[in-house]
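Engineer: Mind looking at a prediction? Sequence and model below.
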Amino acid sequence: MPALLLGKGFGKTNVSKFAEDNSKFIEDLIKSEKKASDSKIGLHSKKEANLYKFVDTTVNNKASKSIESSLKDQGKLDAVVDYVFSGHRYKLRIDRENVIIGFGLQGVKSP
């Protein structure tokens, strides 16, 4: 798995000065990273990374009121948990709408 990630340019190897601290697969990892750097993909490309800007409604109250109606009309939404405040309070990121919302789960007892 690490060799696949390095081969796609998603990371870099870190070789220790001490041979006993290195992985026994370090040669494979270095080859995978070299292949990605030669192909100029992932971290090794000169292209700028895509930056996604999200409207954080947990901070901006005016934005939450304007976005609330559009989210209600859509029904089911896919979201990613961005932060867990407690067992029943979450910060959810809705990628399709570029918005971050606060979410409270009801009906669950949590300390």
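Structural biologist: The structure has been received and is ready for your questions.
Engineer: CA atoms for contacts and neighbours, from now on please.
Structural biologist: Fine.
Engineer: any idea how the protein splits into domains?
Structural biologist: According to automatic domain parsing, the chain comprises the domains 2-44, 55-104.
Engineer: End to end on the shortest one, go ahead and measure it.
Structural biologist: Pointing back at domain 2-44 there. One end of domain 2-44 to the other measures 17 Å (C-alpha to C-alpha, to the nearest Å).
Engineer: ok, now the last one?
Structural biologist: Separation of the first and last residues of domain 55-104 by C-alpha to C-alpha is 18 Å.
Engineer: so how far is it from its chain's centroid?
Structural biologist: Using C-alpha atoms, centre = their mean, to the nearest Å, the mean C-alpha position of domain 55-104 is found 16 Å from that of the whole chain.
Engineer: ok, which stretches of this structure are strands?
Structural biologist: 55-56, 80-84, 89-94, 99-104 (DSSP state E).
Engineer: Direction included, what does the shortest one pair up with?
Structural biologist: Here strand 55-56 is paired, per DSSP bridges, with strand 99-104 (parallel).
Engineer: Low-confidence ranges, this protein, go.
Structural biologist: 21, 111 (pLDDT under 70).
Engineer: What segments of it are helices?
Structural biologist: 2-7, 26-39, 61-74 (DSSP state H).
Engineer: helices or strands up against the first one?
Structural biologist: Contact partners of helix 2-7 among helices and strands, from 3 or more C-alpha pairs under 8 Å, 6 or more residues apart in numbering; DSSP states H and E: helix 26-39.
Engineer: Could you give me the buried positions within the helix it packs on?
Structural biologist: Neighbour counts over helix 26-39 (16 or more other C-alpha atoms under 10 Å) mark Leu29, Ile30, Ser32, Glu33, Lys34, Lys35, Ala36, Ser37 as buried.
Engineer: is it true that the third one touches Gly7?
Structural biologist: Yes - shown here, Ser32 and Gly7 form a contact pair, counting by C-alpha atoms under 8 Å, at 4.5 Å.
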